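Q: sharing a model that was predicted from the sequence below.
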Amino acid sequence: MKLEGARVLVTGGGSGIGRHLVERLLADGAEIAVLELDAARCAELADAAGGKVRAVSCDVSDAAAVDGALQNLFDTGFEPDVLVNNAGVIHSEPLVNLLSRGDKVHSREAWRRVIATDLDSVFFVTSRVVERMLAKRIKGVVISISSIAAGGNAGQSAYAAAKAGVNALTCTWAKELGAMGLRFVAIAPGFFDTPSTRAALSEAVLTRLQQQIPLRRLGELESLYLAVRHAIENDYLTGTVLEVDGGLVL
Ligand code: NAP
C-alpha cells in the first residue's frame, strides 16, 4: 500500500511511540485519526497538528466506547486503510511477592486492567475496523504494537500474556482474512527510550539492560516508525511479528 494519502487510525497516539508515529506518518503524507484516552491530550494533538489530525477521546478497553468513537469517525467520512493498535500500558509485578507484607499474589485488578488495555482493546478496535474495511472493500493493513515480552519475561505475567495474545491474533487474522486482501502485522519493540520505559525501570536497571542489548543502546522511536512504514508498504508481509530490539530477544 502506498503510504502517501493512506488513511491511518492510531490508538494511543497522544504520547510516546504513538505520538511519534502520528507525527512521522503525517509528515509522509498520510491522513490521520487517533483514539486517545485523555480528552485534553486529544485537543492538544489536534492543535499541534494544525487541525490535520482527528483525535477522538476514547477508552479503547471499553467495547461500547470503541463502537461509539469509531462510528463517529466513519460518520464524518474517515474510512481507515491502516489501523495501528498502539495504546497500551506496561506493567511489571511478580506472580508472588515474598517481600510483601500484605497480599503476596499478583494483583488481580492489575491483571484485568493490563489484559483489558493491551489485549481486549486490540480485539474490540480491530473487529469493528475490519468489519468496516470489508464492507467498503478496502484491502487494509492492521499493525499491532506487541513486545518482545510476548516470549515470556520474568516479572511481567499480565503484560507478557497480553502481548502473546496480540501475536496470536495477528497470525489468526492473517490466516482468516488474507483471502480478502487484508494484512496483519505485529511489531515487537525491545526497550525504547520513552517516558513509560523510564517510569517502569530505574536508571540502574536501564544501564544493566543496555549492556545486554547487542547494539548496547535503547531503541530510538524512528526505528519503530520505519518498521510501521515497512508493514504498510510491503504488500507481501502478513501474519508475522517484526522484532525491533537491537538484537535482544528475551
Ligand atoms: P505511553 O507513552 O504510555 O503511551 C501509551 C498511549 O496509549 C498514551 O497516549 C495513553 O494515553 C494511551 N492509552 C493508554 N491506555 C489507553 C486506553 N485505555 N484507551 C486509549 N488510549 C490509551 O507508552 P509507549 O511506551 O508509547 O507504548 C506504546 C505501545 O508500545 C504499548 O502498547 C506498549 O506496550 C508498547 N511497547 C513499548 C515499549 C517501550 O519501550 N516503550 C516496548 C515494547 C512495547 P494516556 O497518556 O492518556 O493514558
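A: Here it is on my side, so go on.

Q: all contacts plus neighbour counts: C-alpha atoms, from now on.
A: OK.

Q: could you check how far the closest residue to Asp245 other than its chain neighbours is from Ala49?
A: Of all residues not flanking Asp245 in the chain, Gly190 sits nearest, at 4.0 Å (CA to CA, 6 or more residues apart in numbering). The gap separating Gly190 from Ala49 is 28 Å, by CA to CA, to the nearest Å.

Q: who has more neighbours out of the two?
A: Set Gly190 next to Ala49 and count neighbours by other CA atoms under 10 Å: Gly190 wins out with 20 against 14.

Q: enumerate every residue touching that one.
A: Ser147, Ile148, Gly219, Glu243, Val244, Asp245, Gly246, Leu248, Val249 (CA atoms under 8 Å, 6 or more residues apart in numbering).

Q: how about it, phi and psi?
A: phi -80, psi -120 (degrees, to the nearest 10).

Q: check it and give its pLDDT.
A: Looking at Gly190, its pLDDT reads 96.

Q: what about it, distance to Cys171?
A: In terms of CA to CA, Gly190 sits 20 Å off from Cys171.

Q: sec struct for Ala87, please.
A: coil (DSSP: H, G, I helix; E, B strand; the rest coil).

Q: with adjacent residues omitted, what lies nearest to it?
A: In space, and not counting its chain neighbours, Ala87 is closest to Gly12: 4.1 Å by CA to CA, 6+ apart.

Q: picking up where we left off before, okay, and which of the contacts of Gly190 map to strands?
A: Glu243, Val244 (DSSP state E).

Q: in this structure, where's the longest helix?
A: helix 157-177 (DSSP state H).

Q: what score does the spatially most central residue of the chain have for pLDDT?
A: Central residue of the chain (CA atoms, centre = their mean): Asn86, 1.8 Å from the mean position. According to the prediction, Asn86 has pLDDT 98.

Q: ok, it - contacts?
A: Val10, Thr11, Gly12, Gly13, Ile17, Gly18, Ser144, Ile145.

Q: the third one: neighbouring residues, count only.
A: Looking back up the chat, that one is Gly12. 27.

Q: please apply the same query to the second one.
A: Other residues near Thr11 come to 29 when the count uses other CA under 10 Å.

Q: Phe192 and Ala204: what is the separation?
A: 15 Å.

Q: and the two? Which one has more around it.
A: A direct count of neighbours by other CA under 10 Å for Phe192 and Ala204 places Phe192 higher, at 21 against 8.

Q: please list all residues in contact with the residue lying closest to that one once chain neighbours are set aside.
A: In this structure, Phe192 finds its nearest non-sequential neighbour in Gly219, 4.4 Å apart by CA to CA, 6+ apart. Counting by CA under 8 Å, 6+ apart, Gly219 touches Gly190, Phe191, Phe192, Asp193, Asp245, Gly246.

Q: for the second one, give its distance to the ligand.
A: I take that to be Phe191. For Phe191, the distance to the ligand equals 4 Å [CA to the nearest ligand atom, to the nearest Å].
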